[in-house]
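Trainee: Need coordinates for the following:
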Amino acid sequence: MKSTTSSLENLPTHRPSLPNELVDQILRDESLSKRDLANSCVVNHYFLESIQPLLYQEVAIWLVWNDESKRGLIKDQPRFLLRTLRDSPPLQEHVRKLNLSISYVVAEGDREGTEGGSSGFLDCGEILDEALKVMPRLDSLFVDDAIWDSDAGRNAVFARGERWKELSIRGNLFDGDSELSWSRLPNLKKLQCNSTGPQQTSKQAVPTSLEVLGTSFGPRLMEPVKVLPGCKLCSLRVVLTEDKLDHLALMQELQHLYIVTASGTGSPSSTTLESLSKLPSLRSLSIHSIDPDPDELANIYSLLKYLPPSITRLDFPDYVPFDFLVNLFKTDKLPHIRLLRVCKWYEESTSTPEAHRAGIGRLCRLCEEKGVAFEEHVVSQTHLSGML
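Mentor: Below is the predicted model:
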């Protein structure tokens, strides 16, 4: 019988390795955390070279702001990240997305300014400008309100306007600055912001490159979403006002429309409603409304009366117009709806739990008869606070 030692000596001197393409696919598995990826960097040089782009393609920097002292702090971890990028130009090339956020909850140990491993600053925009200098290929950016309110921060973004493909801003895009315009953002594909601004968008059309536009607030800002022929918008979220959707007929590629109703903002024109009914690509309509007044209800009913034949999904994330939907589903003119999604009862709801359950029951039975999928979802507190 051969000894164990001699058996081991007969093993191949190298282990079979996986193809590089398969290794890359494994490393890109979404279940792997950044800590998992960082730990894998020590396996060998190939792992290191493959993982570094994944580790650095999306980075986050959290700042701390003290309203009392009007002083900000940047902690050790993001400060070390910026220093690493400054000292390593090859790593700079990997960063494509930056999330720059602010926390207003200041720990007791941070109140002294630079104690506890922090560095102080007076203007949030300074940090954004510093970060953009060491991220030359960055094309996707999220910034908090205090950062966007800083002239230095806003100017740093528009000074590099040609690079942006995606912007998410907790603030107004142009913020009343007459020198800023859509022409500074010629390659923008996705924009999320509170509002674009009352002056610029009423005079200029959004870039034809823009595919996603989401505005969260601003019912008092009555500017329409102005577009040009050839518009590529496929997803649009707006607060509904009298003329907000006047250019809807030009949005021939629009697939997803998210409408937020607000009190006292007027009603869409008959031309706008006719344009809605003829949109060739619209697949889903989501109507957000909390405690609607009679005028808001009339707007909701009008929108539902002019659904285009292409529509396959209706979504009501808060208020549900049960009676209208029941009558709609009983008619022979119902579009080819494949999914109806409504919210479960929540405390801020205008209906009682019993009335809500009864309405859900009626809709569920009708959907079953019509072969329409029916879903309920829970309204998140984040969504409610944003709506209110």
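Trainee: Return the residues in contact with I169.
Mentor: Each residue near I169 by C-beta atoms under 8 Å, 6 or more residues apart in numbering is listed here: F142, V143, W148, L191, Q192, C193, N194. For glycine as for every other residue, the C-beta is placed from the backbone atoms N, C-alpha and C.
Trainee: If we use 6 Å, what do you get?
Mentor: I169 sits next to V143, W148, C193 when contact means C-beta atoms under 6 Å, 6 or more residues apart in numbering.
Trainee: Restricted to helices, list the residues you listed.
Mentor: Among the contacts of I169, DSSP state H puts W148 in helices.
Trainee: By neighbours, which of the contacts of I169 wins?
Mentor: Counting neighbours by other C-beta atoms under 10 Å, V143 comes out on top of the contacts of I169 with 26 neighbours.
Trainee: do you know how far it is from L98?
Mentor: Relative to L98, V143 is positioned 8 Å away (C-beta to C-beta, to the nearest Å).
Trainee: next one: Q255
Mentor: 28 Å.
Trainee: ok, those two, which is more surrounded?
Mentor: Taking neighbours as other C-beta under 10 Å, Q255 and L98 compare with L98 leading, 19 against 16.
Trainee: still on that earlier bit, of the contacts of I169, which is the nearest to S302?
Mentor: Closest to S302 out of the contacts of I169 is C193 (26.9 Å), distances taken as C-beta to C-beta.
Trainee: Pull the contacting residues for the closest one.
Mentor: Counted by C-beta under 6 Å, 6+ apart, C193 has contacts I169, L173.
Trainee: hmm, 10 Å instead?
Mentor: Counting by C-beta atoms under 10 Å, 6 or more residues apart in numbering, C193 touches 148, 167-175, 213-218.
Trainee: now do L82
Mentor: Taking C-beta under 10 Å, 6+ apart, one finds V59, I61, I74, I127, E130, A131, K133, V134, M135 in contact with L82.
Trainee: Now, those residues that are in helices?
Mentor: Checking the contacts of L82 against DSSP H, those in helices are I127, E130, A131, K133.
Trainee: on that earlier part again, out of the contacts of C193, list just those in helices.
Mentor: Using DSSP H, the contacts of C193 in helices are W148.
Trainee: If you go by neighbour count, which of the contacts of C193 are buried?
Mentor: Among the contacts of C193, those buried by neighbour count (16 or more other C-beta atoms under 10 Å) are 148, 167, 169-175, 213, 215, 217-218.
Trainee: could you redo the residues you listed as a markdown table and give each row pLDDT and distance to D24?
Mentor: Below are the buried ones among the contacts of C193 laid out as a markdown table (pLDDT from 0 to 100; distance: C-beta to C-beta, whole Å):
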| residue | pLDDT | distance to D24 |
| --- | --- | --- |
| W148 | 88 | 37 |
| L167 | 96 | 30 |
| I169 | 92 | 34 |
| R170 | 89 | 35 |
| G171 | 86 | 38 |
| N172 | 86 | 41 |
| L173 | 88 | 37 |
| F174 | 84 | 41 |
| D175 | 72 | 42 |
| L213 | 94 | 34 |
| T215 | 85 | 38 |
| F217 | 63 | 42 |
| G218 | 54 | 44 |
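Trainee: residue contacts, the spatially most central residue of the chain?
Mentor: With distances taken as C-alpha atoms, centre = their mean, the residue of the chain nearest its centroid is Q192 (6.0 Å). Going by C-beta under 10 Å, 6+ apart, Q192 touches 142, 166-170, 173, 212-216, 237.
Trainee: Equivalent analysis for P89, please.
Mentor: V134, P136.
Trainee: Would you check that Q57 makes contact with Q92?
Mentor: No. Contact criterion C-beta atoms under 10 Å: Q57 and Q92 do not qualify, at 11.8 Å.
Trainee: where do the contact lists of these two overlap?
Mentor: Counting by C-beta under 10 Å, 6+ apart, the common neighbours of Q57 and Q92 are R137.
Trainee: And these two? Which one has more around it.
Mentor: Q92 (18 against 13).
Trainee: Okay, now the unreliable bits of the protein?
Mentor: Scanning the chain for pLDDT under 70 picks out the ranges 1-16, 67, 69-70, 105-122, 176-178, 198-203, 217-223, 347-348, 379-388.
Trainee: where do the strands sit along it?
Mentor: Assigned by DSSP state E, the strands in the chain fall at 58-66, 71-75, 97-103, 118-121, 140-143, 166-169, 190-193, 212-215, 235-239, 256-260, 284-288, 313-316, 339-343, 373-377.
Trainee: Thanks a lot, catch you later.
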